[in-house]
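[1] next one to model:
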Amino acid sequence: MGWIERIRKAFQVRQPNYGGTSALAYPWLGGTRYDYVREAGDLWANSPVSICINKKAGMMADLTLRVERWDERTGKWVPHSDERTRRLLRTFRKPNDFYGFREILWATILNDDCRGHSILYKRRNEIGQVVGYWVLPYTKVSLESDTDNSGGTRLITYVRYYTPGGAQHDIPWSDCVMTRQGLDPSDQRSGLSPLAAQLREVCTDNNASNKMAALLQNGPTGFIVSPKASDKGPSLTVDQLKAVGSAINNMARDRAGKTIPLAYPVDITPTDFKPSEMDLGNIRAVPMDRICAALGGDPMAFGLPSTSKTYSNLEEALDALGNQTIIPTANRFAEQWGEVLLPDFGLDTDMFRLAWSHEGVSWLADETMERHEDARKSFIAGITDRYQAKIGVGVEPAESDKGVTYFDLQARARGVLARADSERKETPKALMIAWGRLNKNRRPPIEAKRAANTSQLTHDRLIREMERRGMDVFSQFNAGAIDADKLQRELNEIIYDVHRSMYRLGIQSAGGTPTDAALDQFARIAVDGQQQYLLNFIGDVQTGRYDDDNGAIDLDGSLKTRWGLYATNASGSASFGFVEGSPANSFFDWQIDAAAENCEDCIALSDLGPYPKELVGAVPRSGETVCLGNCKCRLIRSDGIPGFGP
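    Purely as a prediction, here's the structure:
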């Protein structure tokens, strides 16, 4: 064994698993005697590494941590909430008195990227329950194994933490939660950071930064001062040359660019390259590309200079960073946290898991909208059924969705009106005459206008009733009077009742008579269509998205606004009923509000009308237009009777 290998082996034995991977623990990297480990210093202090870590932490913080349960009936993971899961998620929202979940994510990513693993120290209360966490810096931790470790199968039995004051604290492994990427082949207790193989690149980037800073501070970094050749007089002495050198040095740093007074004739020759000759920008490009690649993205995705950056591929780079790095890393964190923490809260890891909700994530918005739009177009065109469409938009499908087409849903949404004379109210002769005048003159009688106004008032009352009932249920949940399952059932009941009433109101306002079977069928479809969105909503409530500073639900904030969108959506059911209850020969115009800022869908629908009854596929505020529940439009029937406004 050579002397270098002897040193390495001795160094490994004496050195605890402290701060670095095996590559970081060796005095030298392979193929070199230069100590890149020492020269690289703290990896997180490197400029590109720091920028990448902050970018990744900011993007991951947009995701929402939640608990999911395996549903045997559907074979899918579904959001779950009870007292145990709320306590678990609360430990992440408020891990300790000094920092929150964002700092947990940032520190975990930093440790993970710079070291290959990260450790949370469980914070317990007086009865031993986990109530929060501390992140242990990788530079202050060593992973240890007891000497009596039977067969060496327990890789880690305790963690030694070196406190800021210099003391050491041994933490039982049962009080630690570890996330790691891969396994260090030289020490399987540790993870292995891809940055361990990029130490040369880190040093190169640091040296390039130092070189640029030195050039800007001092100008050229060195000169040779020699006596100017002359036939007159003796040559300069050593002391005189030193005096010239001191005069030049005094004009460096913040005095650079000033005149240098010299008492002697000398020749000054720079010993360094000119900045233009060194081309430091291109020199830094290769190490920066490799550092960013080790951290999971192209430099342009992290906001750093990139030789391949263009406006056309920037979006692709951001998508790749999100889908190929951020989401897989977040899923790994959730999986590794969950395996250790779920049992602490009485949750079986075979039935429950920690996962992330992607709803409302800005950097996934374009991709999500594009995927949803493709799925919607395929469904409307009859290419796919509802089962495939739900999968396309990320909604859990049911067996009953198989074979259900868009055209089937349109028929269901219009309801089944009673045509038999025994189920139809007798139409007064005077009203029949009035209808004849309507079809001929296309002018509604005063009674029809008055009925439309009355229906709009009822429509507005139902929306306010849905808002009030929903907030009452959320208030009960906030007070602990009902659990999450009861919350879901109560909200579904409200959705069912109001959509049923709205559909009936629309049919009656148009002069039709609905059957109970048609109303019930329509209401069930409305509840089914809202189910996945409602589950996501409840999941956000459980994970504290709408909590105030005291940990209670803020019932007057954005939660109330979000529930208001569900209430506004019920307006579309009234408009569907208005179309369905109208005579078969009716036409409908899509009327926009000239004073409002109308979306492109509404403008197009307005320009293409009027529509015969059988071709009306979208109505205001039903969610079919870009403006969703903010739509200010209404349908106007061919006889002039208006439908429902916002």
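[2] C-terminal to the helix or strand bottoming out on mean pLDDT in the chain, what's the next element?
    Ranked by mean pLDDT, DSSP states H and E, the weakest helix or strand in the chain is helix 429-441, scoring a mean of 41. Using DSSP states H and E, the helix or strand that follows helix 429-441 towards the C-terminus is helix 446-478.
[3] packing partners of that next one?
    helix 429-441, helix 484-509, helix 558-569, helix 571-580 (3 or more CB pairs under 8 Å, 6 or more residues apart in numbering; DSSP states H and E). The way it works is simple: take the backbone N, C-alpha and C, and place the C-beta from them, glycine included.
[4] strands of the protein, residue ranges please.
    All strands of the chain, identified by DSSP state E, fall at 64-71, 76-79, 117-124, 130-136, 141-144, 158-162, 168-172, 176-180, 223-227, 266-270, 352-357, 587-591, 611-612, 634-637.
[5] ok, which of these comes nearest residue 491?
    Evaluated over the strands of the chain, closeness to residue 491 peaks at strand 76-79, with 13.8 Å, by CB to CB.
[6] and that closest one, which strands flank it?
    strand 64-71 (antiparallel) (DSSP bridges).
[7] what angle sits between the strand it pairs with and strand 352-357?
    Per axes from the mean of the first three to the mean of the last three CA atoms, to 10 degrees, the angle that strand 64-71 makes with strand 352-357 is 130 degrees.
[8] grab the nearest non-local neighbour of residue 336.
    Spatial nearest neighbour of residue 336, chain neighbours left out: residue 179 (4.5 Å); criterion: CB to CB, 6 or more residues apart in numbering.
[9] specify the beta-bridge partners of that neighbour.
    Partner residues in beta bridges with residue 179, using DSSP bridges, are residue 118.
[10] so what's it up against?
    Applying CB atoms under 8 Å, 6 or more residues apart in numbering to residue 179 gives the contacts 108, 112, 117-118, 332-333, 336-337.
[11] from residue 122, how far out is it?
    Counting by CB to CB, to the nearest Å, the gap from residue 179 to residue 122 is 14 Å.
[12] residue 305 now?
    Residue 305 is 42 Å from residue 122, by CB to CB.
[13] with residue 47 instead?
    34 Å.
[14] so those two - more neighbours on which side?
    In this view residue 47 and residue 122 are compared by other CB atoms under 10 Å, and residue 122 has more residues nearby, 21 against 15.
[15] these two touch, right, the more buried one and residue 133?
    Yes - counting by CB atoms under 8 Å, residue 122 does reach residue 133; the two are 6.2 Å apart.
[16] overlap in contacts, those two.
    residue 177.
[17] would you map out the domains in the protein?
    The chain resolves into domains spanning 16-192, 405-581 when parsed by automatic domain parsing.
[18] nearest to residue 324, out of the ones you listed?
    That would be domain 16-192 among the domains of the chain, by CB to CB, at 12.0 Å.
[19] now do the closest one: distance to the chain's middle.
    21 Å (CA atoms, centre = their mean, to the nearest Å).
[20] next: stretch 349-365.
    8 Å.
[21] with just CA atoms, put it into CSV.
    Output of stretch 349-365 as CSV, limited to C-alpha atoms (Å, rounded to 0.1, in the frame of the first residue of the first chain):
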residue,chain,number,x,y,z
THR,A,349,-47.9,3.5,6.2
ASP,A,350,-49.7,0.9,4.1
MET,A,351,-52.9,2.9,4.2
PHE,A,352,-51.7,6.5,4.5
ARG,A,353,-49.0,8.6,2.9
LEU,A,354,-47.7,12.2,2.9
ALA,A,355,-48.1,13.8,-0.5
TRP,A,356,-48.4,17.2,-2.2
SER,A,357,-51.3,19.1,-3.7
HIS,A,358,-50.4,20.9,-6.9
GLU,A,359,-53.5,23.1,-7.1
GLY,A,360,-52.8,26.8,-7.6
VAL,A,361,-49.1,26.2,-8.4
SER,A,362,-48.1,29.1,-10.7
TRP,A,363,-45.2,27.3,-12.5
LEU,A,364,-47.6,24.4,-13.4
ALA,A,365,-50.4,26.6,-14.5
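[22] name the residues of stretch 70-84 that come out as buried.
    By neighbour count on 16 or more other CB atoms under 10 Å, the buried set for stretch 70-84 is 79-82, 84.
[23] circling back to that earlier point, hmm, which of the contacts of residue 179 are the buried ones?
    For the contacts of residue 179, a burial check counting by 16+ other CB under 10 Å picks out 108, 112, 117-118, 333, 336-337.
[24] can you flag which of those residues belong to helices?
    108, 112, 333, 336-337 (DSSP state H).
[25] now pLDDT and distance to residue 209 too, for the buried residues of stretch 70-84, in a markdown table please.
    Formatted as a markdown table, those follow (pLDDT from 0 to 100; distance: CB to CB, whole Å):
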| residue | pLDDT | distance to residue 209 |
| --- | --- | --- |
| 79 | 83 | 47 |
| 80 | 86 | 49 |
| 81 | 85 | 49 |
| 82 | 88 | 52 |
| 84 | 92 | 50 |
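[26] which ones are touching residue 352?
    Applying CB under 8 Å, 6+ apart to residue 352 gives the contacts 67-70, 80, 85, 338, 342.
[27] how about CSV for these, with distance to residue 240 added?
    Shown next, in CSV, are the contacts of residue 352 (distance: CB to CB, whole Å):
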residue, distance to residue 240
67, 80
68, 82
69, 87
70, 87
80, 85
85, 82
338, 76
342, 80
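[28] and the furthest pair within those residues?
    70 and 85 (13.7 Å).
[29] list the buried residues in stretch 118-126.
    Result for stretch 118-126 [16+ other CB under 10 Å]: buried residues 118-123.
[30] residue 518: which of these is nearest?
    The shortest approach to residue 518 among these belongs to residue 120, at 55.7 Å (CB to CB).
[31] give me the pLDDT for the residue nearest to residue 336.
    As predicted, residue 179 sits at a pLDDT of 94.
[32] repeat for residue 350
    We have a pLDDT of 91 for residue 350.
[33] can you report how many residues lie near it?
    So residue 350, with other CB under 10 Å, has 8 neighbours.
[34] cool, and residue 454?
    12.
[35] what's the spacing between it and residue 347?
    53 Å.
[36] again, but for residue 618
    Separation of residue 618 from residue 347 (CB to CB): 44 Å.
[37] mind checking which of those two has more residues around it?
    Taking neighbours as other CB under 10 Å, residue 618 and residue 347 compare with residue 347 leading, 21 against 18.
[38] ok, the closest residue in space to residue 56 that isn't next to it in sequence - contacts?
    Excluding the flanking residues, the one nearest residue 56 by CB to CB, 6+ apart is residue 109, at 5.4 Å. Taking CB under 8 Å, 6+ apart, we find residue 109 in contact with 53, 56-57, 60, 118, 329.
[39] count the residues that sit near the nearest residue to residue 52 once chain neighbours are set aside.
    Closest residue in space to residue 52, ignoring its immediate chain neighbours: residue 295 at 4.3 Å, by CB to CB, 6+ apart. Per other CB under 10 Å, the neighbour tally for residue 295 reads 25.
[40] cool, residue 556 as well?
    Residues within reach of residue 556, counting by other CB under 10 Å, total 10.
[41] okay, it: pLDDT?
    Note for residue 556: predicted pLDDT of 79.
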